[in-house]
Structure formats: structure tokens, C-alpha cells
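Enquirer: Would you be able to build a 3D model of this:
(chains A and B)
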Amino acid sequence: MICDQCGERHASVIVKQKQQGQTTERHLCHVCAAGTQSINIAFEQDPMAIHQLLTNWFPNQQTTVNPVRKEVAVCPSCGFAFTKFLKLGKFGCASCYDAFEPQLDEVFKRLHNGNTEHNGKIPASYGNTLKIKKEIEKLRKQMKTSIEEEDFEGAAKLRDEIRLLNSQLEGGVSNGN
Amino acid sequence: MAIDRFLQPRASSWMANAGENVDIAMSTRIRLARNISDFHFPYAFSEDEALKVDKAISAVLLDKGRELDYNFTHIDIQETQQLEREVLVEKHLISPYLARGQHSGSVLLSDNEELSIMVNEEDHLRIQSLQSGFHLQEAYQVANRLDSLLEKHLSYAFHEKFGYLTSCPTNTGTGMRASVMLHLPALTMSHQINRIIPAISRIGMVVRGSYGEGSEALGNVYQISNQLTLGKSEHEILQDLQNMTEQIIQQERRAREAIRSNSPIVLEDRIYRSLGTLTHSRLLTTEEAAKCLSDVRLGIDLKMIKDMDMSILNELMIFMQPAFLQQYSNKPLEPKERDFARANLFRERLNKESLNDEGEDYV
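Expert: Next comes the predicted model:
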């Protein structure tokens, strides 16, 4: 049979298209079949079939049981198992990220050119908490150094600053978590 | 009904034709994906949760949107007819995924159609900002401003290490996908596009036609967007995409010049044949119309065709699609009837030839 479209090459593919209940069938060659498409200039399709990639990258998850931990990670909130995440390519809820965290660096590295940490916008409320937490960490280190250097006056000052920041953390600033 | 104004065959402001590089960069889009903490994501939530999320987000948008002078129209997806949903998809106002209406979901549209907020798509919240031409920064600012307003009233799922948490791990981090639609006929004709696509994918960005890799894009329209959402800031992602898009635009210009100086008559012939097809056909398939639109668009860019307005072509790209044709004709149409309606639409809009009355009742 000759291709319905180009009328030149041998038809090797049957393309069935269902649209609004109407099915059309065309016999096409491999070249024309590759070019067959209904109009779709919509902005977003999944950039790739993510679940296919994930299962290809982590093929042994379903069969291999970790001899040390024995069990597959399951999200306590939505019940998604790590294997389900791989198969579907989607998380079920925010808690999945914590439940699967040990495995996620490997996943994100593959998907985001080696990156595993967010480096962009932070919601204002989290921003304050995060900033304060990082400041406290810094002051603690300074305090430790001060004590080692026997600068107790300086250490006391730092301790007061840390207390103040801690009270801010517990008080007004909600972290929405 | 409130939805009616969005179903009219009228140009949205992002289909207008203004700004630098608008001959090649047709439109720009920014999408931010967000989820609300305390609720399961759409792949795992119950219908009860879906309803709660839908109500909560819609209420905040309708109420607080006014602070930014937005008067959103709320459209409940499940209460919207199938054909109307498809029209919204063809206009890029909602995604095919949302149109399926698997659970309670909504879209909220700004009056100028530059902002479309989908509720309960793959994520609880998808803010989409559309601009005509090549305007990444402007589109981001519109989306970001709304996002910053919403985060005061909704508790987002956010992780100190991973950033904004999304259903799909390809969106985790910034949750941002920035895209530019590019019309690249010369790079396609000269097959250079086949070298460009794999090169770009190596640096965290992706170029896609409307069909899978390597095949010719319908109407030579490609979309370039960021692939990475983790590790880089929004600003860096936008800057990288800006630089890359500018380079592609330059290459397209060079390829156009090369074709014009090497084979001017062949090019002119192709452009005018396509113009003839669009203005005189009685049956036009989507594929043929898209190909001819691309040629005519190129003809206008190269100033070979002088008496035609590019914004009409932008509109036709949207209105020639199946759901629009049927909405416009007020009745369902078989594929053959659509080809006839499409040909009529082009002759009518391009105003080159008065409609032949006898042809109206085809089939």
C-alpha cells in the first residue's frame, strides 16, 4: 500500500485519530507518520515523560530490598511509596519530600544538572525564620570561639543576642510549617 | 455568562503585535507552581480536599486580587461545557490537563487575559502570566507580584532545602517555567534547528516543536523554556533564557538573510503560493494552514508582503483550531466541515476575496 499522504513511499503505519467522537484512519509511511500531528501549539506539555526517566534511572527499586533497612520508604501522610513516586513521577504531598529525602538528591541531580538545593525566592514569612536561624547559628559559633579564648564578657553578650533571636523565633514570626 | 467574553474570537492582549523582535518572538509566558501546606497534592487528594482547596484559593484571589487592581472572572471547570473548555485550551488560558476536569478545579482570568490562575491542575495553584512578544522580565514581575500577595493569605508548601514543593520533581525549587514562543522558518528550512535543539538541552534549557524531537514543528513555531528549577535563582534562570533566546533570534535573522540572498525567487514563490492558498482555498487542513501562515508571516517580516497586518495572523493561528471553529459556527463540525469553515475564516479575515454565498451550506 502507498502512503495516503505523500503518495510516494510504502505505507508502514496506520494512524488512528479520535477527535470529538470521530475516528479517522490513515495509512502512512514512516516519514509522514512521524510528522502527523493535530495542532498543538499549547505552551506546556510535560518536558519529557518524567516517570519513564525515573524508572530507567532507578530500575532496581522494585526488586531490590535494602538489606539494612529492609523496607521501602512510604510517606506517612499520603501513603505514597518511593516506588510509586518513581512509577508515577509525581509526589503525593509535601511530606513525601521528607519521607524520600535520602533518595531525592540522586533524583534531583539527574533532573536539574547536578543541583539539589533551592536558590531562589523564599516566601517572606519563611524568609524571616530562615534568616534568624542562620544568624543564631553564626552567633553560636562566635560564642564558642569566645569561650575558648576566655572572652567571657563577649560570650555573655552573644548569649543575650541569641536569646533575643530565639524569643523572636518562638514569638511573632510564623513559619507556616 | 461570565465565561462568554473569553470565548469570543477576539484577540487577547498577548496576541497583539508590539515590541522589539516581535517578528520572531511571538509571545512570552511565565508559570509559577505552588501548593498549599496541609493538603495533599492533586495526585493524592480526595474530592473533599479538592473542593476545599478550590474554594479557599478562589476566594483569596477574588477578594485580594483587588489590591492589585485585578478583577478576576472565576470559571468552575466542571460546570463548563466540553467545547468551551477546549476553546480556553486553544487560547492557552488553561492547560489540557485542567480541561479534563478530573476533580474540582477552576481558572481565574484577568480582564485582559494576561493572567490566568489555574486551581487544582497538577499543583494546587498555577499562576500563568502571558505577554506578547519577548518580555520575560515584565511577565515575571506580573506573576511574582501576585505570588507575593497570595503568600500572605495562603500557607505555601515550602522546604528549606528544596524550595517550593510541587507534584512533579521537574518543577521543585522555584516552581517556575519561563517560555518564549519563536517563529523559526529559516532555521527550519536550512535544517540548522536540528543542531540547535540538542545543543540547548545540554545547558538546562529545552526547545520543542509541537511534535516530538527532530520532526518539523507545526507552523515552524518552537518553544524555548528553562528545564532547571533547582539550584538557580529566578533571576539567573530568566537571564540565561534571555541570552539564549537572543542568540537564536540572531541566528534566525542570519539564516533568513542567507536564504533571501541565495534563492530570492524560490523564497518569493513559496511565500506567494502560500498567500494564494490562504486567500483562495475552499478546504484548509490545520497542517496546511499552519504551514502557509508561517510562509506569509515570513513574507511580512521580509517586507515582501506589505498590505497585511501581522496581528491578524496571530489571531488566525488561535481561531483556526477545531474548538474555536465550532464555537464560532455555533455547531459541532466534522473534520471535513472544519476544513471548509477554516478556509472561510481565512478568506473572510484576510479580506482578499468576498465570500461566495453558494458555498455556505457545504456537505
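
Enquirer: Run through the residues that contact the closest residue to B:Ile24 other than its chain neighbours.
Expert: Nearest residue to B:Ile24 in three dimensions, chain neighbours excluded: B:Ile249, at 5.0 Å (CB to CB, 6 or more residues apart in numbering or on different chains). Every residue, glycine included, has its C-beta placed from N, CA and C. Contact analysis of B:Ile249 by CB atoms under 8 Å, 6 or more residues apart in numbering or on different chains lists B:21, B:24-25, B:134, B:182.

Enquirer: what about 10 Å?
Expert: B:20-21, B:23-25, B:134, B:180, B:182, B:184 (CB atoms under 10 Å, 6 or more residues apart in numbering or on different chains).

Enquirer: before we move on, what about A:Met1?
Expert: Each residue near A:Met1 by CB under 10 Å, 6+ apart is listed here: A:10-12, A:14, A:27-29.

Enquirer: Now do the same for it: its pLDDT.
Expert: Confidence at A:Met1, expressed as pLDDT, is 78.

Enquirer: now do the one 4 residues further on
Expert: Residue-level confidence at A:Gln5 comes out at 77, pLDDT.

Enquirer: ok so it is a helix residue?
Expert: No. Applying DSSP: H, G, I helix; E, B strand; the rest coil, one finds A:Gln5 to be coil, outside a helix.

Enquirer: Was I right to think it contacts B:Glu288?
Expert: No. Using CB atoms under 10 Å, A:Gln5 is not in contact with B:Glu288; the gap is 11.6 Å.

Enquirer: helix, strand or coil for the residue nearest to B:Ile24?
Expert: Here B:Ile249 is recorded as helix under three-state DSSP.

Enquirer: for B:Asp48, same thing?
Expert: helix.

Enquirer: Please save the CA atoms from stretch B:67-75 in CSV.
Expert: What follows is stretch B:67-75 as a C-alpha-only set of coordinates in CSV (Å, rounded to 0.1, in the frame of the first residue of the first chain):
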residue,chain,number,x,y,z
GLU,B,67,-5.5,45.0,46.0
LEU,B,68,-3.5,44.7,42.7
ASP,B,69,-6.5,46.1,40.7
TYR,B,70,-7.4,42.7,39.2
ASN,B,71,-11.0,41.9,38.7
PHE,B,72,-10.8,38.1,38.2
THR,B,73,-13.5,36.1,36.5
HIS,B,74,-14.0,32.8,38.2
ILE,B,75,-14.7,29.8,36.0
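
Enquirer: List the buried residues in it.
Expert: Neighbour-count burial for stretch B:67-75, counted by 16 or more other CB atoms under 10 Å in any protein chain shown, picks out B:70, B:72-75.

Enquirer: Kindly report the same for stretch B:328-340.
Expert: Buried residues in stretch B:328-340, counted by 16+ other CB under 10 Å: B:328, B:333, B:337-340.

Enquirer: from those, which single one is nearest chain A?
Expert: Of all those, B:Leu333 has the smallest distance to chain A: 8.5 Å, by CB to the nearest CB.

Enquirer: what sits against the residue nearest to that closest one when sequence neighbours are not counted?
Expert: In space, and not counting its chain neighbours, B:Leu333 is closest to B:Gln326: 5.1 Å by CB to CB, 6+ apart. B:Gln326 sits next to A:20, B:83, B:86-87, B:332-333, B:337-338, B:341 when contact means CB under 10 Å, 6+ apart.

Enquirer: Next one: B:Gln326 from B:Arg338, what distance?
Expert: Taking CB to CB, to the nearest Å as the measure, B:Gln326 and B:Arg338 are separated by 7 Å.

Enquirer: Would you mind listing where the stretch 251-363 of chain B has pLDDT under the threshold?
Expert: Applying pLDDT under 70 to the stretch 251-363 of chain B flags residues B:352-363.

Enquirer: In the chain, mark out all the helices, start to finish.
Expert: Just going to use chain A. Here chain A has its helices, by DSSP state H, at A:30-35, A:50-57, A:82-88, A:94-99, A:101-111, A:124-148, A:152-170.

Enquirer: not quite, I wanted chain B
Expert: For chain B, applying DSSP H gives helices covering B:4-7, B:47-64, B:82-90, B:96-99, B:136-150, B:185-189, B:193-201, B:234-262, B:264-280, B:286-301, B:310-319, B:322-329, B:335-350.

Enquirer: Break chain A into its domains for me.
Expert: Following automatic domain parsing, chain A resolves into domains at A:1-45, A:50-111, A:124-170.

Enquirer: right, and those domains - which one's nearest B:Tyr140?
Expert: Distance to B:Tyr140, taken as CB to CB, is lowest for domain A:1-45 among the domains of chain A, at 15.1 Å.

Enquirer: before we move on, back to that, of all the helices of chain A, which lies closest to chain B?
Expert: Per CB to the nearest CB, nearest to chain B of the helices of chain A: helix A:94-99, 4.0 Å.

Enquirer: do that closest one and chain B meet?
Expert: Yes. Using CB under 10 Å from any CB of the partner chain, we find that helix A:94-99 touches chain B at A:94-98.
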